[in-house]
Structures are given as structure tokens and as C-alpha cells.
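In: Need a 3D model of the following:
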Amino acid sequence: MPGRVHAILVVRPDGRTPAAFHLRRTLAALAAQTRPIDDLTIVVCGEDEIVAEVAASAPAESVITAPARTRFAEATAIATRRLAGDSVWLLAQDTTPEADALAKLAGALELAPSVAFVAPKLVRADDRSAIVSLGVSMTRLGRTVGLADGELDQGQHDVREDVLGTDVRGILIRTDEWRRLEGLDRGMRGADEGLDLGVRARLAGSRIALVPTALVAVSGDGVAGPTAPVTRARRMQRAVAERTAQLHRRLAYAHPIAVPFLWLALLPLAVWRTIVLLVGKQPGLIAPEWAAAALAAVRLGAIARSRGRIRRTRSVSWTQLAPLRVTRAALRERLDDDHEHLGDARRTELRFFSGGGAWLVLAALVASVAAFPALLAWNVLGGGALQPLREVVGQLWADTLYGQRALGLDETGPADPFAAVVAVVGSLWPAEPSRALVLVWVLALPLAALGGWFAATRVTERSMLRIAGGAVWALAPTFLAALVLGRPTAVLAHLLLPWLFYAGAAAHRSWVAAGAASVLFAAVVACAPSLAPALIVLWVVALAITVARRAGRGIAQLVWVLVPAAALAAPLVWHQVVGGDLWALASDPGVVWAGPQVAPDVAGRALLAAGFPTTDPGGWQSLLGPEAPTWWVPLLCAPIAVLALVAAVTQRWAAGVVLLIVAATGIATAFAAAGIAVAFAESATVSIWPGAGVSLAWLGALGGALVALDSGLAPRLAVVRTLVALGVVAAVGLLAVPGLTASSRGETFLTNGPDSTLPAYVAAEGRDDPDVGTLVLTPQNGGGVAAEVVWGGSETLGGQATIVSTQTEATAADRTVANLSADLITGSAGDAVAGVAAEGIGFVLLAPAAAPESDAARAFGLSAQTALDQRDGLDAVGDTPKGTLWRVIVPLAPRAEASDPGLTRSIALGQLAAFVVALLLALPTAAARRAAQRTPRVVGPYWSEGR
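Out: Numbering: from 1, shown residues only. Take a look at the predicted model:
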């Protein structure tokens, strides 16, 4: 055996780990060795009275005190000055060797003269059947690969001896080799120190051997080797150290010609790795990646010292290391083996086709075509709150940017987030964006059935109940009302809500679900801002459950869910906060339309609680006649409500309670929305559409009903469950009859077009030029005139802006428009047309008053037309279906550029970055799919399981 063994024991009392306890345990293990150590040097990094007392009482030849920031490599370098033996044993406070560990290590070192150092098998101190480390290698690009890390010790690796490197803890190295290799490389910063030492020893012509029968238990204090990732701070610290060591080794091992290029590539590589980490669902490693890149970029001196150390000792070619590296094929094989041992999958088959989901969607498609057959021939949807979309996709996306709005004289500010949703929808049919909205209407029922079916998969595994959930969601009264009335924001919100539920229910489990939920959350809030408070309340509930049941695991994923929505809405929120009009944030985006809806009284709230957002419950009043009783219609929704309440007392009561909270927040939102009016349509105030809140309540109630049917009946009562589910579907199907037949009866607000809200002459000029301005004058039935400036070829759905429709005080631009309008229709003002031209307005349109037209509006229109005909600077184009049009023949000034391009660009880039990150997170990977297979699809089956 080697003549003398000198042990170096490093201790760091940092206050986070029981250093004194671990030190006593290690000293006791050293004293119990069958082959005693000959010399012991203890290096205490930091000050701690108890640790100092324990170290002083140990049989050490010396105890050295060093600063608290001293790392393991530096501490061993200090102790090297006192080496007196033939071999050095590197230990830390948390390395507890078995009694025969040193004897086996020393014996192996004696029997192999070509071996520079030997390494034991590291096992967990609290579970010695779990391997912490038994050999380390690396890939061709320098990625560290533990050869047995985390595996169960069944002796499967005990035949392995020759390796490229090892963990630094517990290694026994010859003293002459230790001095020749100049100890550990301080540039590793606490990670990969044993691997680097092994690489340098190999390049010096020596070997590294494993002694698997020599066991050393470790606790992961982080004094030597990687710290145990038990807290978020430790995980970050470990990630930074490991990535820093990898980059440092890459620069230290590279050919001299390649070093400058590798150094220049550090920051571009960090950008690329950021994308890779997002796709790989590891966003927590992004900050460590950038920190490591920054450290590697500035530590040129450490790199030079590392390269010099290798240059002084290298005697063989780098190609000698190739057989010991891990190849891509071997790494893939290891990953496949790991996945085979992950345990049985807990997720069942989706059964979309075999379980009837596909048939449900097909049936909904047939019902949709039968309900709205005329839409198949339409290019543009009109009526209600519908308007055409921009004819050019680029203009659709231009409407999403901060800057001048398409309505108003020179209104500058943020776009509504809903404009981004419109742009996405319109981009689905680039040649004719408006046709995409027609397709949404045609496919609304099957899309709703599909979303409802998938949402039901988070609640039940039973195929019959999933079909019932999809059918009931597609036939919801509030959804059919939105389709018949022509409310695009409500339709889109109803289509998106079940997908938000599907992704959000599992957001705490995976980054894929969190990324998808964040995009869907932003889209839902963009379509229905009135839902934002309710969704935030539900988010807080989810956060509380995650903290209580999962010890905080998944908090980062839940926090991310809000980020894209916050980025999208931040400019609008800031604008309204500065303007002092917070209530305007709840306004429905899109066209402001005073369509049918319930009144904010007791009767109206009763209808909302039953699931009906209009005074005509389900359309039955219009179907049966004004005198027919409809008191029985809300009773058809009673089974869903009763089952939702029963869910709270079933075996899955926790899921039932949460879904009841969802329903309650939805009803509260609907009640509040019905009584709030923050938008204006010409001279009339318009209340918020309460149907979005009803949709949320319907989601919670339906989910609760499915929970009750899934777990509230014994297996032997399966027939009863089926009959009850069929009864619920039949009741809701009966409710849907008026809505599904409204189009054939001519009771819908939907119209074929128009292609533009302005005359064709203006539409043609404004198709490719968004700076074509039109002053639209509309006589009011109550007296007076409404004046509005429209830019481009038409008012569009995406061009609407709540910062215009919710203004409560006239701005300077509003007063200018009012003065110009008054001057135009007043014969005494001689320079009115010049004033219009100076603002860049090229057309004046006298639109017809809203039907039925009053005598006052008719008289006002005739008077205004006469005055406009007499203007020298106006050329009468003629009467059109949109009103009487005049063209301004006075030379036009260009439209003033009031926006800041730099601000617009900054906001757009910030929003784009948030959604790019979200989409990268939402992209499923093979690893994410395998992880998903290990969790049940149903969320929260039982409270005791904490899912």
C-alpha cells in the first residue's frame, strides 16, 4: 500500500447546513477506518464557534482557517503546502466513508501504478441504495454526463473501472500526480472539478479508476461537488456553477485558433440556448445560462491559467480521450433506458375517436350547417356588433400597434388587445380576412363541442360524460345568443374558455400547459375584459391550492400564466390609468352596439343566474309569441345547477368546490357587467355584455355537474348515470331549438356584408391607403348630429378602440371635429372645407339615421345635405347605400403623424417577446409528453391525492 495517506478535510459553516453535525459524523467515520489515515489537515472556511471547537478537538496535524468565500479548490491548494504523505484523500464535511473505504481505495491505487487517482462510489447519506455518482464523462461538446447518477444501486455498475473523470469527493490521488497536475482548477468554481482533474491526468498519460466497492455517503452541502437542489436558491446556484464550468472547460480545452471564435460566440450561444431551454421547458435555467456566459466572458485570466496548466502537463493527444467520451448514440440509449424505468404510465388513452368525441364534433358541424346555411355563400359577416376586417393582412397587424387609431381625428394611443385576436383570425384566410370570421361562425358549434369535450377530459374519464359535456357547452344559451345577435367577442370568448380550463387546470404540472394557458388567458381577457377580475380571483385560488398541496411546486408556471396578458394589456391599462378612467378597462372591445340584453334589475339577474343574457330566455318568447308563457324555460337549466351543487358533497368534493367557485365568479361578473355602462355608441350609452360572465358560470356549473355524475353514483348505478346525462343533454337541446332555428325564421341580426361601412368609392381608395380620411355625419333621432372621422376604406372590427368609445370628456380633437361638422352644415361658414382638407380628410359622408328615423333626424338630414351641396370645395359623388357622399377637391394636407415610432417599436417588441416565449413553452416535446404520461389526465380526482 502507499506509505502514507494524508486526508484533506474542508469545512464551510455557512449557516444553511448542519456543518458541525456533519463534521462530527465524518470525523467519526475517519476514526473508524480499518486502514487509518496517517495525517489529517482540516481547512475551516468561515467562522463558527461550534465548528471551530469540533475541528480543534479532532486528531488533525493542523487546522487552517480561511475566509468564508474560499472554495474547495482554493482550500485544498492551501492545505497542499502541508502535504506529507504519498497520497492525498480529498474530503468535505459531508463525506462519510464506510469503514473499509480507505483500505479499498488505497489497495486499488497500489495495484495500478498507471492510475493517477481512484474514486469511490458516492451514495446518499439518507438512502445508501441511491447512487449519487460513480464516474463522470462528457460529450463531444463538453456536456457533463454522470454515468450512474441517481440510479438505484443494484451492483449493475460495479464492473466499471476505467473512466474519464469522477466526482471530486472522496478521491484518493497520488501526491506526486497531485503536485504535477497542480491540484484542482479554481476556474471550475465548484463544479466538474473531478472531471477536469481526470481529463488533465489522462492528457498527462495516467489513468483514472473506480472502486465501486468503496462507499462514501454524501449529503450535498455544496462544500465539494454540486450542492443538493433542495431549494430554489440552491438549484440556481448549482445551475450557474455547472454551466460556468462547462463553458470554462470549452475555452480551456479548445484549439488555440478556435478560442477567440468560441469567446465571441458566448453571447450568441446564450441567445440560442435561451430558445432551446424554452422549447425544452426549462425556463428556470435561462438566468443561470446568461450569468454563466457573462462570467466566462470576463474570466480571461482564469482561462489562460487553465490552458497553461494543461500545456505544461500534457503528453498525449486529445484523441486518446475519444473512447471515454459519451457519444450521441450512447446518450440516447441511456435516455431511453431511463424512460423505460420511470414506472407505469398513469394516463389512459384519450379515446377521442373510440369514445365518440369525433362523432360529437361531426354532429355539431351538421347542426351548424343546418342552422346557418346562408353563411356558406357569404364573404363578409355584418349585423349586430360585426364589421368587416381589413382587406390586407398587414393592416390587420398594423391595427395591433401603439399609434394613431383608425377612428378619431388624431387619436393616438394603444390598441385594444382584441385587435391582436382579430389579426390572428384574419390571418387564417390571408386572401380574404373577412371570410375567416364567416368560417368562425360556420364552425362555431363544432369548435365549441370540441373544446367542451376536451375540457371534460380534465373532469372525467367516462366517454358518455365527455360527450355530454361537449354537447351542453356547444348548446349553451349564452353562446347561441351571441351567435344569433352577432357578438364576435362573446363567441370567441366562449370558444376559448374550455381550452383555457383544459390548459390552466394542468398549468401547475408542466410548462407546456402553462405556456398554452398563458396565451389562452391573454386571448380570453382580450375578448372579454370584464372576465379579468374573475379570472384573477381563480388564479389566486389556484395559487393558494398549489402552495398548500404541492409545497409551492408549480408556482413559477402559474405566475407565468399572467405574463403575456399583462404584456398585451399594459399599454392600454397605463393609458386609462393616466387618463383616470379605470372603469373603461372593462368595456367590451370591438363595435359598440346597444343590442338586446337583460336589464340590471331583479328579473334580469334571475335570468342571468339561469344562464340567459337576454330578456328573451333562449329565444323562446320570439318563437312562441309575445303572449306565450316562458316561465318554464329557465327550469330546463335546473338539473345542471342541482348537479353542480351535489358535486360539493361527493367523493371528489374538492374539485366540486373549486368548480362552484368558478360558477360563482362567473355569475358575479355577469351581475356586475349588466349594470355597468362605460362605452358610447354615438349619443347612447351601452352596457357591458353580461354573456361572457354567464359563459364562465356555465363552464363551472357544467364541470361540477360532470363531477357529480362521475363520482356521485356507485358503479352499479351506471344506467342511472347515463339516463341523467342524457336528460341533461335533452333539456339543453330543447333550450337550443329557437337559437338553432333563428336563421331559418329570419330572427337573427346577421347580414350578408357589407364589405365596407363606407361607400364603395371610398373603400376602393382606402383599400391600400390607411390615411384616406372620411368625416361621417349621422343625424340623431333625438336631435343633433354625431360626427366621426374614419381612416381607411372602412370601419373594421380590429380598428375599433376603447380609448375612443369610452371617452367621457371631449378632447381638443373632438372639439375640432365638432366645429368642422358644424361649419360644414352651416351655410354661414365660408372656410369649412379648407379646414377639413387641412386635417387630411378627403371625403364627407352624410349617413342615414338609425331606423326608425324620426322627423327631426329627417329634417336635419335634408338641411345638412343642402348645406353640403352648396360648398364650393366639395364635389358630390352621389347617393350610395351608405349615405350621400362628397369628395373634398381642395388640396389635402397629409395626415399628421402623432405617434412615436420608437415607442411603438419598443411596445411591439416587448409584447412579441412575451408571446414568443409563451409559444415556445407551449410547444410539446418528447420529454414533455413522456412526463405527461406519468400524470392522470383528470385533475383533482380526489383531495387526498393532491392533484
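
In: for the stretch 201-350 of the chain, what are the low-confidence residue spans?
Out: 333-346 (pLDDT under 70).

In: looking at this structure, which helix or strand does the model trust least?
Out: helix 328-340 (a mean of 64; mean pLDDT, DSSP states H and E).

In: At the geometric centre of the protein, which residue do we find?
Out: Centroid-nearest residue in the chain, with C-alpha atoms, centre = their mean: Gly515, separated by 2.8 Å.

In: so where do the strands sit in the stretch 251-400 of the chain?
Out: 381-382 (DSSP state E, counting those that start in this stretch).

In: For it, which segments are assigned as helices?
Out: 259-264, 266-279, 286-298, 300-313, 328-340, 357-371, 393-398 (DSSP state H, counting those that start in this stretch).

In: helices or strands next to the last one in the packing?
Out: By that I understand helix 393-398. Secondary-structure packing of helix 393-398 (3 or more C-beta pairs under 8 Å, 6 or more residues apart in numbering; DSSP states H and E): helix 418-427. Quick note: C-beta positions are derived from backbone N, CA and C, even for glycine.

In: The helices of the stretch 251-400 of the chain into a markdown table, with extra columns for distance to Gly704 and mean neighbour count?
Out: Converted to a markdown table, those look like this (distance: least, C-beta to C-beta, whole Å; neighbours: other C-beta atoms under 10 Å):
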| stretch | distance to Gly704 | mean neighbour count |
| --- | --- | --- |
| helix 259-264 | 58 | 14 |
| helix 266-279 | 36 | 16 |
| helix 286-298 | 39 | 18 |
| helix 300-313 | 61 | 16 |
| helix 328-340 | 37 | 11 |
| helix 357-371 | 21 | 18 |
| helix 393-398 | 39 | 20 |
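
In: can you redo those helices as JSON lines with distance to His6?
Out: Formatted as JSON lines, the helices of the stretch 251-400 of the chain follow (distance: least, C-beta to C-beta, whole Å):
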{"stretch": "helix 259-264", "distance to His6": "36"}
{"stretch": "helix 266-279", "distance to His6": "39"}
{"stretch": "helix 286-298", "distance to His6": "33"}
{"stretch": "helix 300-313", "distance to His6": "21"}
{"stretch": "helix 328-340", "distance to His6": "37"}
{"stretch": "helix 357-371", "distance to His6": "71"}
{"stretch": "helix 393-398", "distance to His6": "70"}
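
In: closest one to Gly611 among those?
Out: helix 357-371 (19.1 Å; C-beta to C-beta).

In: hmm, who's touching the closest one?
Out: 351-352, 376, 442-446, 448-450, 453, 463, 466-467, 470-471, 474, 739-744 (C-beta atoms under 8 Å, 6 or more residues apart in numbering).

In: again, only this time at 7 Å
Out: If you take C-beta atoms under 7 Å, 6 or more residues apart in numbering as the criterion, helix 357-371 is touched by 352, 442-446, 449-450, 453, 466-467, 470-471, 474, 740, 743.

In: Where helices are concerned, which of these count?
Out: Within the contacts of helix 357-371, residues falling in helices by DSSP state H are 442, 444-446, 449-450, 453, 466-467, 470-471, 474, 740.

In: Widest-spaced pair of the residues you listed?
Out: Val442 and Arg466 (24.0 Å).

In: more crowded one of these two?
Out: Set side by side, Val442 and Arg466 show more neighbours around Arg466, with 26 against 20, by other C-beta atoms under 10 Å.

In: and that one, what does it touch?
Out: Arg466 touches Gly355, Gly357, Trp453, Ala456, Thr457, Thr460, counting by C-beta under 7 Å, 6+ apart.

In: Closest to Phe261 out of the ones in helices among the contacts of helix 357-371?
Out: Leu450 (50.8 Å).

In: From Thr778, how far out is the closest residue to the closest one other than its chain neighbours?
Out: Once flanking residues are discounted, Leu450 sits nearest to Val361: 5.1 Å by C-beta to C-beta, 6 or more residues apart in numbering. Val361 sits 43 Å away from Thr778 when distances are taken as C-beta to C-beta, to the nearest Å.

In: can you check Ala565 too?
Out: 35 Å.

In: So Leu40: helix, strand or coil?
Out: In three-state terms, and counting by DSSP: H, G, I helix; E, B strand; the rest coil, Leu40 is strand.

In: Now it: closest residue in space that isn't a chain neighbour?
Out: Nearest one to Leu40, counting by C-beta to C-beta, 6+ apart, is Ala60 at 4.3 Å.
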